[in-house]
Structures are given as structure tokens and as C-alpha cells.
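Trainee: What follows is a predicted structure for the sequence shown.
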Amino acid sequence: MSDTENSKEALRFFVTQPQPCSYFTPRESTSLVLDPDIKLSTTLYEELIQYGFRRSGNTLYRPHCATCQDCIASRVRTTDFCPSRNQRRNIKLNQDIRIQLREPCFSDEHFALYCRYLDGQHPEGGMNNPTPESYLKFLTSEGIDTLFIEGRVNNQLILVAVIDCLQQGWSAVYTFYEPQQRHRGLGKYAILWQLEQLKQKQLPWHYLGYWLENHHKMSYKNQYQPFEIYQNEQWTMARS
């Protein structure tokens, strides 16, 4: 992990100072982060994601907590994915959604939906009162290929999913949707749509970020099988 295809210099990493954990109170969390002076690229991210790293804005990081290993990197083996009965019902329910791919740039319409989503879904999640600057800083990154997946019904925007495009698959960055359309299960649909696209493209991996088995908002990811997790410096199959 010390060298990359586009640099002969060893990569440098830093450990962040402890801060309140976003998932479990009163735990503290620390992260291992790539030196921010290193120029990001899709090739570099493709390498580090194999070791459990994830992107947030221009930061590549992975959890590095001294007393907790609950945040586990996860991915779906897309070529073998077959939706369950419940997932097929979700796809049928949302078959009226028209999907378009957009470049990663600011849109007033997207930002308004993002604000409604945070107010409706995460009113106390620490991401409230976003600005256009903080929105783009969180979702996009220089040097990494990112796309916005836009979902509309009757020309009304109800869903935006942000992904990073890698040679061997996609990495899910964030999804936000219309809170009044909660009954559609739009977060689930966004993943299912992405898995189908990757299967058609014969790209093997969809990285879903960190799986927290014991957290009610983050334990859902193993519903997408075959599901793999990164533990003890290797990828292994996980139970459903």
C-alpha cells in the first residue's frame, strides 16, 4: 500500500485527534487519513479502497479507533447479486422513476432537495444548516470521477445519489431524497438501481461504505448479497 502507479513516493497517513463518535454515544472516534497534500486521483482511490478506505470530500480515510472496530468497510459482489422478493417489490414500486446521470456540479434544485432531506431525516445529525460550499465540499472531489444519479417522477426531482466511478465498480458516496416520498424506500432503490447497472456493465464491486452491525441506521447493508466485509486486512464473505 506504500506506492501507487502514478507516484514513486511513499504515501503518508495521519491519525486524527479523538472526537465524539457519530454513531455511538459516548464513544470517541479517530481516523487514519491520507496526507491532504497528496493529490487525489481515481487510480489512487481505487488502490486505497481495497484497504477499507473511503472518501469524504477531498479526504481519504478509514476508522482507526483504539477500543472499537464496529465500522467495517463493505462491498457487494455485483456479478452474483440477485434481488430478494422484498427488493423486487421495491423495484416495481419505483418503476416510474426516470434516471439521468449528471456531472458533479452545483444545482439549486439538488441543493434544495438536500436541505429538505437533512431537515426531514437527520434534523439533529450534525449536518444541518448546510451551505452550497459545504455541500459541494462534502460530495465532490478534485481528481476523482464522480457522478450524480438523478431520479425524477413527472419531472419532479425526488432522488439524488452520488457515486465515485472506479475501474472495478462504483463507490456510494451519499444519497438524499424527498422526505415526503419516504414510502417508496428510495435509499434502497438507489442501491438496487446501481447494482443492476454494474451487473450490466460487468463491473464486480459496489462499495457501500461502512457497515455497523449494531447500529439501527447502518446495519441494513448486508441485505445486498453476496456481501463482503474488510476485516483483519482482508475481504471475507459476511452473513446476511
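Mentor: Looks like it came in fine.

Trainee: and His215, what pLDDT?
Mentor: Listed pLDDT for His215 reads 89.

Trainee: Select the longest helix from this structure.
Mentor: Within the chain, and with DSSP state H defining each element, the longest helix by residue count is helix 186-201.

Trainee: where does that helix sit relative to the chain's centre, distance-wise?
Mentor: Mean C-alpha position of helix 186-201 versus that of the full chain (Cα atoms, centre = their mean, to the nearest Å) differs by 13 Å.

Trainee: cool, and stretch 83-97?
Mentor: Using Cα atoms, centre = their mean, the offset of stretch 83-97 from its chain centre is 21 Å.

Trainee: Give me the contacts around that stretch.
Mentor: For stretch 83-97, contacts defined as Cβ atoms under 8 Å, 6 or more residues apart in numbering pick out 151-153, 158-159, 184-186, 188-189, 192, 195, 223. No exception for glycine: its C-beta is placed from N, CA and C like everyone else's.

Trainee: Please identify the buried residues of that stretch?
Mentor: 83, 87, 90-91, 94, 97 (16 or more other Cβ atoms under 10 Å).

Trainee: Dump the C-alpha coordinates for the longest helix of the chain into CSV.
Mentor: Extracted in CSV, the C-alpha atoms of helix 186-201 (Å, rounded to 0.1, in the frame of the first residue of the first chain):
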residue,chain,number,x,y,z
LEU,A,186,-35.8,5.5,-2.2
GLY,A,187,-32.5,4.8,-0.4
LYS,A,188,-32.9,1.1,-1.1
TYR,A,189,-34.0,1.8,-4.7
ALA,A,190,-30.9,3.9,-5.3
ILE,A,191,-28.7,0.9,-4.3
LEU,A,192,-30.7,-1.6,-6.4
TRP,A,193,-30.6,0.6,-9.5
GLN,A,194,-26.8,0.9,-9.1
LEU,A,195,-26.3,-2.8,-8.6
GLU,A,196,-28.3,-3.5,-11.8
GLN,A,197,-26.2,-1.1,-13.8
LEU,A,198,-23.0,-2.5,-12.5
LYS,A,199,-24.1,-6.0,-13.3
GLN,A,200,-24.9,-5.0,-16.9
LYS,A,201,-21.5,-3.4,-17.2
